[in-house]
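K.L.:
what's the 3D shape of this:
(4 chains)
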2 protein chains.
Amino acid sequence: MAFKRIAESTVRRLSLYLSYLEGLNGTDPSTVSSEILAGLVGTTSAQVRKDLSFFGSFGKRGLGYSIVELRDSLRDILGLDRTWQVCIVGAGKIGVALAQYPGFGTKGFHIAAVYDSDPAKIGTFWDSLTVRDVRQLRDDAAHERFDIGVIAVPADAAQSVVDTLVAAGVKALMNFAPAQITTPSDVIVRTVNMALEFEGLSFALAHRSA
Amino acid sequence: MAFKRIAESTVRRLSLYLSYLEGLNGTDPSTVSSEILAGLVGTTSAQVRKDLSFFGSFGKRGLGYSIVELRDSLRDILGLDRTWQVCIVGAGKIGVALAQYPGFGTKGFHIAAVYDSDPAKIGTFWDSLTVRDVRQLRDDAAHERFDIGVIAVPADAAQSVVDTLVAAGVKALMNFAPAQITTPSDVIVRTVNMALEFEGLSFALAHRSA
DNA sequence: GGATGTGAATGTCTTCACAGCT
DNA sequence: AGCTGTGAAGACATTCACATCC
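P.N.:
Next up, the predicted model:
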């Protein structure tokens, strides 16, 4: 079950394939070709086949892929065949948007706890969860398992939150703070930086040819 | 001012360089080396120099880069030396989070208008702006210039919003809807899909070695 | 016949290493 | 001496094209 280096771009496409397969639930033909799947996500059929080939053979030559089987295989591959316990630090707008993001909970991510350092927020209800004091985090982690920690605090507080989460044994972090954070090498970090996305658009606009 | 194909990864790093240079405002040495800049954003000095070399020569051999000059050059390169008019469609949680994202307005992005199709939301105040009826969008675009359109609506409404924005002459779209959208080739599209980011973490967690 | 799975070829990005300027 | 700027090498990702199997 441990594969050699898989490109991040490949994993992103696998997620896209899955999301379109889930949209094809119970449609007419029970199979789908790499050609069709490629059209849905905006890539090529060769790319689809190559992506899948890293993990095995899921199709039948001459027929294509069974939608149901490929869907299940992709869920397995992506680790969505189980529930990940998510803990959000920072009960601000980003956290709220996240909790309401369509299909977040339905896809294997369970928001188990929300923490904040602001006394005004601690104890308030927040989408069926009570906001806890971030100082409880380390103790809580001894009883509850948190698989994924979400950093939704201002940049200057990010590293301290990261340190607490790492000390609490959390092995994967989703970082929404616009800050470079450092972690031990066995901790997986993904950073989402809205400013970067918009600056990418700005660059493209500024240099668009004719 | 029109450069040959620049990789998306390069543009992302340019944004990061800029953001760290802005943090180095008025610090001791007035110059910075590619080595130091690389350390700040987590890349290599060769990568920093290569990235910058696509746009010119900004450093002095033996000395490094003038922080102030490089900052200004990067702002120019990224198109942040002007203000982009942003129009958000969908007055939900994502839009709110966006408007409050630290340093969004300060970096050349001005939220000029917010639209929604929900009568309950139209006319309400929303962070100093009044939410407008999405049906006004096409007419409004004749009088106001919208450089960037933000798609913050559910997936099934995304393409129709895109079509309206494109018809209104908007040439750059930031898509937060988990949907594949199609546009004329002169329209720049960036898609941000939270689910994909989390599934990437899930994949990494599921296959982590050791 | 039709579509997969995959080595080989191509294209793209990153790293190396060094000449050249300050 | 120190650090940039850059061609060349290397690593990585995508595309091609075809043998293989249903």
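
K.L.:
Could you report the pLDDT at residue A:38?
P.N.:
On the pLDDT scale, residue A:38 is placed at 98.

K.L.:
Is it correct that it is in contact with residue A:50?
P.N.:
No - distance between residue A:38 and residue A:50: 11.0 Å, which falls outside the contact criterion (CB atoms under 8 Å). In short, each C-beta sits where N, CA and C put it, glycine included.

K.L.:
So for those two, which residue has more residues nearby?
P.N.:
Residue environment comparison for residue A:38 versus residue A:50 gives the larger neighbour count to residue A:38, 18 against 14, counting by other CB atoms under 10 Å in any protein chain shown.

K.L.:
longest helix of chain A?
P.N.:
Taking DSSP state H as the criterion, chain A has its longest helix at helix A:8-23.

K.L.:
Validate this expectation: residue A:57 resides in a helix.
P.N.:
No - if the criterion is DSSP: H, G, I helix; E, B strand; the rest coil, then residue A:57 is coil and not within a helix.

K.L.:
and it, how many residues sit next to it?
P.N.:
Count around residue A:57 with other CB under 10 Å applied: 9.

K.L.:
Look up how far residue A:73 lies from it.
P.N.:
With distances defined as CB to CB, to the nearest Å, the gap from residue A:57 to residue A:73 amounts to 10 Å.

K.L.:
which residue packs closest to the most centrally placed residue in chain A, ignoring adjacent ones?
P.N.:
Using CA atoms, centre = their mean, the residue of chain A that lies closest to the mean C-alpha position is residue A:174, 7.8 Å off. The spatially closest residue to residue A:174, leaving aside those adjacent along the chain, is residue A:150, at 4.8 Å (CB to CB, 6 or more residues apart in numbering or on different chains).

K.L.:
Quick one: residues in contact with the helix or strand hosting the one you found.
P.N.:
Secondary-structure assignment from DSSP states H and E places residue A:150 in strand A:148-151. By CB atoms under 8 Å, 6 or more residues apart in numbering or on different chains, the list of residues contacting strand A:148-151 from outside reads A:84-90, A:95, A:98, A:109, A:158, A:161-162, A:165, A:168, A:170, A:172-177, A:181, B:198, B:201, B:205.

K.L.:
how about the helix or strand following that strand: buried residues?
P.N.:
Scanning forward in sequence from strand A:148-151 by DSSP H and E, the next helix or strand is helix A:155-167. Counting neighbours by 16 or more other CB atoms under 10 Å in any protein chain shown, one finds that the buried residues in helix A:155-167 are A:155, A:157, A:158, A:159, A:161, A:162, A:164, A:165, A:166.

K.L.:
got a pLDDT number for residue A:93?
P.N.:
83.

K.L.:
pretty sure it contacts residue B:94?
P.N.:
No - using CB under 8 Å, residue A:93 is not in contact with residue B:94; the gap is 9.5 Å.

K.L.:
The strand holding residue A:150 pairs with which strands, parallel or anti?
P.N.:
The partner list of strand A:148-151 in its sheet, established with DSSP bridges, is strand A:84-89 (parallel), strand A:172-175 (parallel).

K.L.:
Mean pLDDT added to the ones you listed, as CSV?
P.N.:
Shown next, in CSV, are these (pLDDT from 0 to 100):
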stretch, mean pLDDT
strand A:84-89, 96
strand A:172-175, 97
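
K.L.:
buried residues in stretch A:89-100?
P.N.:
Going by neighbour count (16+ other CB under 10 Å), the buried part of stretch A:89-100 is A:89, A:90, A:91, A:92, A:93, A:94, A:95, A:96, A:97, A:98, A:99.
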